[in-house]
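*Asks:* fold the following and give me the result.
(one chain, ligands or ions: 2)
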Amino acid sequence: MLYSKKQKEKIFKDINENGYAYLKNVYTNKQLNKVKSSLLSMLNYINPEKKGKSLQEKYYQIKKMSPILKGHFYELCKNELEILKLVNDEKIVDLVKGFFKTDVIFSGQPGMLVYDDENDRCLVPHQETHQFAKDFLFVWSPLYDAKGDQGGLLIYEKSHKHGYYKHHTNNQLGSTNVNDDALKKFKPKKLEVKAGDALLIHSALIHGSVETKKKYFSRFIIIDRLCPLKKLPYLEKENVPKKIPYFGHGEGGDTVDYNTKNIYLNDSNNRKN
Ligand SMILES: O=C(O)CCC(=O)C(=O)O
Ligand SMILES: [Fe+2]
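*Replies:* Ligands and ions are numbered 1, 2, ... in the order given. From the prediction side, this is the model:
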């Protein structure tokens, strides 16, 4: 069932004021179990000899056996349909359409994040860039409770109210990050999210990963970047890349400023909205 008008007003207010909304009970256990079961089948396919009792156990078995095939599993999660069904859930899509007042939404980057106890994939604080649209909503929903030693998501309070900062890739993973000057303006806050609940995060909210402290536990998070048909250079100009580059990214990234008309890559005929 879709959210009511009143519920939506509250959710939109939360996103506008805090940069995110916490949505309770978005997915049922049955839906989560279907995803877990698909993931377990994929991992069992990699090593059928030793079936895992649980997704958690099997994940560590495959990680030990072949980090490369584990990586292939991760890549294929982006195309696994039980995950895609959840991130494209009609109530979420309806919310995003309502928030941006548009009738078309693009799935920008669906998939599954996995943070195991090695914590080598943790992302340093950043905003969401390099998507179809300048502003969009990031869906983040854990398959297992993301709280206590199972982690959560670190956000920088109200950082979405100041536009987009320049992004760099001067961190160990080579992922995008904002620099310390930007970070120190905001208070970090760890958000804890129950399995089946979801965060809907404005792309301009600075956020980063929380370490998984629990041994032999992995935090599995289904995600997507849901982009509206708004501020979408690719449908407005002929010679621009499909996704908006960020500063330092190449593809004209050095000329892109997410906060000015240069989002349209130096075109003088920019749109006003
Ligand atoms: O789940 C996390 O720790 C952060 C994920 C994230 O920010 C991203 O994938 O862009
Ligand atoms: Fe992110």
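*Asks:* neighbours of His168, just the number please.
*Replies:* Applying other Cβ atoms under 10 Å, we find 16 other residues in the vicinity of His168. C-betas here are computed from N, CA, C, even on glycine.
*Asks:* do the same with Lys34
*Replies:* 17.
*Asks:* gap between the residue nearest to it when sequence neighbours are not counted and Lys230?
*Replies:* Leaving aside its sequence neighbours, Lys34 sits nearest to Glu82 (Cβ to Cβ, 6 or more residues apart in numbering; 4.9 Å). The spacing between Glu82 and Lys230, counted by Cβ to Cβ, to the nearest Å, is 29 Å.
*Asks:* tell me which residue of the chain lies closest to ligand 1.
*Replies:* Closest residue of the chain to ligand 1, Cβ to the nearest ligand atom: Ser209 (3.1 Å).
*Asks:* now do the contacts for the residue lying closest to that residue once chain neighbours are set aside.
*Replies:* In space, and not counting its chain neighbours, Ser209 is closest to Cys122: 3.8 Å by Cβ to Cβ, 6+ apart. Going by Cβ atoms under 8 Å, 6 or more residues apart in numbering, Cys122 touches Tyr115, Gly208, Ser209, Val210, Glu211.
*Asks:* phi first, then psi, for Cys122.
*Replies:* In terms of degrees, to the nearest 10, the main-chain angles of Cys122 are phi -60, psi 140.
*Asks:* pLDDT score for it?
*Replies:* At Cys122, the model reports a pLDDT of 96.
*Asks:* swap in Asn273?
*Replies:* Per-residue pLDDT puts Asn273 at 46.
*Asks:* returning to what we had before: can you confirm the residue nearest to Lys34 is in a helix?
*Replies:* Yes - applying DSSP: H, G, I helix; E, B strand; the rest coil, one finds Glu82 inside a helix.
*Asks:* does it really touch Lys36, like I thought?
*Replies:* No - the pair Glu82 / Lys36 is not scored as a contact, 9.0 Å apart, by Cβ atoms under 8 Å.
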